[in-house]
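> Generate coordinates for the sequence data below:
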Amino acid sequence: MAERPALPPEEPTQPIEVPPKPPLPGAPPAAEPEATTLPLPVVGGPAPGYPPAPGYPATAAYPQQSAQPQSAPTEAGSQPKKRHRAAVATVVTVIVVAVLAVAGVVGWFVGNAWAKDTVVAEVTTQTRTALGLDAGQKVDVHVAEPMLPQLIAGRLSTLTITVPDAPLAGTTGSLTVHATDVPTGGGQAGSAQATVRLKPDAISKLAGDLGRIVPGSLHIDGKDVVVSLDPAQFLSGVSFALALEPSAKHGDLVLTPVKFTVGGLSMDAETIRARFGTLAEGILAPRTTCVADKFPKGLTLSKVAVSGSAVDASFTVDPRMLSDASLQRPGTCR
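You can find the predicted model right below:
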């Protein structure tokens, strides 16, 4: 076999040096870089059965990853649980608040209804007692709402009592009493007024004895009370009718002549007064009648009007009447 010719020995090569870049004008001289050595990483350890190579560490430069789960996923997994618990707590709180609110509203309405029923029942009983009504007599009681705070405070802002068929003035009629600032424990109300609506025939009981009139002739004509005078008091014996306008003065019923009818001819009071002067004073004088004994003592007549369907009267009310039994009894005439 032929031998290969020997190669000439390799000449040593020199590294090619790259000259450094010249510094920029005005720039400070650059520091010479220090030589650093980078350690070579060793992946894994020595092969089984072999000792570690000289100069290399016996353990790996990079730690092997543990099979145990890291803490970050555990914390991340707990966050949804915390959010879930917070959401549940919020829902429970809302439910509790809603239940308490509903319970409060229901309790308010129940308490208010109880307070109203209590006041209405008590006022109804007192009204029936004051007017001498039967237990089944209808009495309507109205109070301002809400009722519960007023009952707690001990005063009613407004109170209205209506008795459709109250026995008054020898007949029956509708009585309505309206009061303000009424104490629930008894005492004086702030103010009170009353109205009475009577049947038309009640006017004859209220007017009483007008004197020198034909018995049974009193009747209502429009807004006036008309009576027939006794013909015997006139020399001519001609029929004479007198129309009177009702009013109230110092609690009394006042009937003032406003028109005369003589033989079918009507003349107003001023014409009669101008023609007959003082001779007509006896006829023109107002008729005053006490009606205090026809109503409770605590009521004072302040206004009266008549019509073909009713006699309407208004009264001022003694504020103590709602709690003072003596003012609920019939009054007396002077």
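> For the closest residue to residue 208 other than its chain neighbours, pull up the helix or strand it's in.
Ranked by C-beta to C-beta, 6 or more residues apart in numbering and with sequence neighbours excluded, the top spatial neighbour of residue 208 is residue 289, at 4.8 Å. No exception for glycine: its C-beta is placed from N, CA and C like everyone else's. Secondary structure from DSSP states H and E places residue 289 in strand 287-290.
> who does that strand pair up with?
Strand pairing for strand 287-290, using DSSP bridges, gives strand 252-262 (antiparallel).
> For the partner strand, buried residues please.
252, 253, 254, 255, 256, 257, 258, 259, 260 (16 or more other C-beta atoms under 10 Å).
> what's the burial count for the closest residue to the fifth one other than its chain neighbours?
For residue 256, ignoring the flanking residues on the chain, the nearest one in space by C-beta to C-beta, 6+ apart is residue 286 at 4.4 Å. Burial measure for residue 286: 12 neighbouring residues, criterion other C-beta atoms under 10 Å.
> what do you get for residue 133?
When neighbours are counted by other C-beta under 10 Å, residue 133 registers 17.
> got it, and residue 308?
Residues lying near residue 308 (other C-beta under 10 Å) number 10.
> try the one 3 residues further on
Per other C-beta under 10 Å, the neighbour tally for residue 311 reads 25.
> Make 493 the starting number, not 1.
Understood, numbering begins at 493; the last thing we discussed is residue 803.
> How about it: which residues does it bridge to?
Note on residue 803: beta-bridge partners residue 690, residue 798, judged by DSSP bridges.
> pretty sure it is touching residue 696, no?
No. The criterion here is C-beta atoms under 8 Å, and residue 803 misses it with residue 696 at 10.0 Å.
> From residue 644, how far off is the spatially closest residue to residue 809 that is not a sequence neighbour?
Leaving aside its chain neighbours, residue 809 sits nearest to residue 684 (3.6 Å; criterion: C-beta to C-beta, 6+ apart). Going from residue 684 to residue 644 by C-beta to C-beta, to the nearest Å gives 23 Å.
> same thing with residue 630?
Counting by C-beta to C-beta, the gap from residue 630 to residue 644 is 29 Å.
> again, but for residue 673
In terms of C-beta to C-beta, residue 673 sits 16 Å off from residue 644.
> Looking at these two, which is more packed in?
residue 673 (15 against 11).
> For that one, what is the enclosing helix or strand?
Applying DSSP H and E as the criterion places residue 673 in strand 663-675.
> cool, and residue 765?
Assigned by DSSP H and E, residue 765 falls within helix 761-768.
> Could you list the low-pLDDT ranges of the chain?
For the chain, applying pLDDT under 70 flags the ranges 493-570, 574, 576-581, 583-601, 703, 724-730, 771.
> Strands along that one, start to end?
According to DSSP state E, the chain carries its strands in the segments 632-635, 647-660, 663-675, 683-690, 711-713, 716-721, 732-741, 744-754, 757-760, 779-782, 791-798, 803-809.
> Need these in a markdown table (columns: distance to residue 610).
Listed next are the strands of the chain as a markdown table, based on distance: least, C-beta to C-beta, whole Å:
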| stretch | distance to residue 610 |
| --- | --- |
| strand 632-635 | 11 |
| strand 647-660 | 12 |
| strand 663-675 | 14 |
| strand 683-690 | 21 |
| strand 711-713 | 43 |
| strand 716-721 | 45 |
| strand 732-741 | 37 |
| strand 744-754 | 39 |
| strand 757-760 | 57 |
| strand 779-782 | 40 |
| strand 791-798 | 27 |
| strand 803-809 | 23 |
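> burial of residue 710, as a residue count?
Neighbourhood size, residue 710 [other C-beta under 10 Å]: 18.
> What distance do you get for it to residue 778?
For residue 710, the distance to residue 778 - C-beta to C-beta - is 16 Å.
> Kindly report the same for residue 649.
Using C-beta to C-beta, one obtains 41 Å as the distance from residue 649 to residue 778.
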